[in-house]
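[1] output the structure for:
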Amino acid sequence: MDTSDNLDLPYIMPSQAQKHVTHNEAIGMLDALVQTGVADRDLAAPPGAPVNGERYIVAAGASGDWSGQSGKIAHRLDGAWSFYAPRPGFFCHVADEGIFVHWTGSAWAPLTTTLGTLQNLVLLGIGTAADGSNPFSAKLNKALWTARTAADGGDGDLRYTLNKETATDVLSLLLQSGFSGRAELGLIGDDDLALKVSADGSVWTTALKVDRTTGQFTVSNVFNLNASLNMSGGALAITRDGAASLMRLVSYRDTNATHATFAADVARGSLAAPTFMTNTGLMAEFIVRPWDGTQIGSVTSGRLAFRACENHTASARGTRWTIELAPNGGAATVEAGALDHSSGLSLFSATVIDANRHFRLRSYTVGTLPSASPAGQMVHCSDLGGGGGQVNSDGSAWRRVSRGGQQTVSSDADITLTVLTSAEEQRHTGTLTANRTVTLSAANVYAGARFRLTRTGGGAFNLSFGALKNLATNNWAEAVHDGSAWYLAAYGTL
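    Numbers count the residues shown, from 1 in each chain. From the prediction side, this is the model:
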């Protein structure tokens, strides 16, 4: 055998002449292959000014003096190139990339793509240097942890497990700004989950804590509460002693379209199988329960409630809002107000504004009218002389609503007067060039409806007022409707 098994180093043979030549050749090969480090692995042709001792991994498509040597290690020695074929397991540092590569048997590959196991590392730094205080350190802008999928041999789950030795130790996530602590979340000195915050990294305040046994959620100086917040018996209780303000919702947003929201999500059935609300079903309420002499929370003096006012479906969700209050001298709540789309706004079980936005005045008879004091009351009176109507109080007496409106007409043409759309007082100032007619319409009439027409305009022609009276200049007439027809009630000369 003339060469070694692994590196093909030449052996000095017995009785060989010029043994130094063989020895020096072997030394040159060792110099090229031991502790291998190359300058580059991307060149397919020799560099323009090679330096003795430089080594390169010849890239694919080799040309020039490197022709046919792709993948081999090129070594510049004594002004010429020597080439060495890599063996599986060869390990090499690439200077211009700062990485290690190895020969797989068919190609040079980065060492990081081959390493499958790193055990018992003392320090590990990614983008920075680790030290004894931080044996694992990373300096980067993003990090990703993703579950190993079933297709890759995993189960699709990802659970990040952290463990501490004893209950009094600390297991936490510390969030810093400029390497000064601002928030800490974890098991901090005990086994309850806690969140602490700090303005300076030195003084810390516990913002919330969750009891490991009961699950009780305790909040301190959060939500403007400064109160004890806990769940017991299925109800959320917020307790604060010696303060007027208990809870406040504050929202700062970029647009007027966003706002602070208090939402009540409700359904019949169960969490697993919810179903629609049914008619009269209570969906949400806010109740006031004052001290009853023994305790608080046992009696109700006020309630704001939302109830279904039909059987709900995906497209029908009629809702009625009610206000219930205990009256003076009473203990039980009584409906004081309600609002829904069917009956409108009600006060004390009587509709005040209906669904068409029409006001509905309370109705009385003359004999049952209440005191006229204070002034400004407005009601309906059903048995006024000539028919029911609206009356107002002036503080001492009830009065009919005054007659309505005045218009001036200057037209030299026939006109029509219509109740409600025409003013009751009409003045005609036009100069007539022919006999003209004022028609009194039957539309919108009622017993007691009236028009008064005064003619002050010129022209030697008559103005017929509803075929009841012909008016010359400076004459007037008044017509009243009796529920069946218009009649002449009065006329005269100015």
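[2] could you use CA atoms for every contact and neighbour count after this?
    Fine.
[3] got the confidence number for Ala413?
    Model confidence at Ala413, given as pLDDT, is 96.
[4] what of Ala336?
    Confidence score, pLDDT, at Ala336: 94.
[5] tally of neighbours for the residue nearest to it when sequence neighbours are not counted?
    Leaving aside its sequence neighbours, Ala336 sits nearest to Phe348 (CA to CA, 6 or more residues apart in numbering; 4.6 Å). If you count neighbours by other CA atoms under 10 Å, Phe348 ends up with 13.
[6] tell me how the chain divides into domains.
    Domains of the chain are assigned by automatic domain parsing as 35-113, 164-253, 288-360, 363-400, 406-493.
[7] who wins for proximity to Phe136 among those?
    With CA to CA as the criterion, Phe136 lies closest to domain 164-253 of the domains of the chain, at 14.9 Å.
[8] and Gly430, how close does it get to Thr275?
    Using CA to CA, to the nearest Å, we find Gly430 at a distance of 72 Å from Thr275.
[9] correction: Asp65
    83 Å.
[10] same thing with Leu144?
    Taking CA to CA as the measure, Leu144 and Thr275 are separated by 41 Å.
[11] likewise for Leu171?
    Shown here: Leu171 relative to Thr275, a distance of 43 Å by CA to CA.
[12] check Asp190 too.
    Counting by CA to CA, the gap from Asp190 to Thr275 is 43 Å.
[13] what do you get for Val438?
    66 Å.
[14] same check on His93?
    69 Å.
[15] okay, those two: which has more neighbours?
    His93 (20 against 14).
[16] burial of the closest residue to Thr431 other than its chain neighbours, as a residue count?
    With CA to CA, 6+ apart as the criterion, Thr431 has its nearest non-adjacent residue at 4.4 Å, and that residue is Gly458. A count of nearby residues for Gly458, using other CA under 10 Å, gives 15.
[17] what does Phe90 give?
    Quick note: Phe90 (other CA under 10 Å) scores 17 neighbours.
[18] next, it: phi, psi?
    Backbone dihedrals for Phe90, given as degrees, to the nearest 10, come out at phi -60, psi 140.
[19] likewise for Ala150?
    As for Ala150, its main-chain torsions (degrees, to the nearest 10) stand at phi -60, psi -30.
[20] can you get me a residue count around Leu124?
    By other CA under 10 Å, neighbour count at Leu124 equals 15.
[21] tell me who's in contact with the closest residue to it other than its chain neighbours.
    Among residues not flanking Leu124 along the chain, Phe136 sits closest, at 4.9 Å (CA to CA, 6+ apart). Applying CA atoms under 8 Å, 6 or more residues apart in numbering, one finds that Phe136 lies in contact with Leu123, Leu124, Gly125, Ala130.
[22] show the buried residues in those.
    Listed as buried from those are Ala130; burial here means 16 or more other CA atoms under 10 Å.
[23] which two from the contacts of Phe136 end up farthest apart in space?
    Spatial extent of these (CA to CA) is set by the pair Leu123 and Gly125 at 6.7 Å.
[24] what sits in contact with each of these two?
    Pro135, Phe136.
[25] quick one: Gln390 is in a strand?
    Yes - with DSSP: H, G, I helix; E, B strand; the rest coil as the criterion, Gln390 is part of a strand.
[26] now do it against Phe90, distance only.
    Taking CA to CA, one finds Gln390 at 109 Å from Phe90.
[27] go on, Leu175?
    45 Å.
[28] show me what Leu417 is bridged to.
    With DSSP bridges as the criterion, Leu417 is bridged to Leu440.
[29] tell me the confidence at it?
    Reported pLDDT for Leu417: 93.
[30] list the contacts for it?
    Residues in contact with Leu417 (CA under 8 Å, 6+ apart) are Val438, Thr439, Leu440, Ser441.
[31] for burial, what's the neighbour tally of the second one?
    Looking back up the chat, that one is Thr439. 15.
[32] contacts only, for Trp103.
    With contacts defined as CA under 8 Å, 6+ apart, the neighbours of Trp103 are Pro86, Arg87, Pro88, Gly89, Phe90, Phe91, Ala109.
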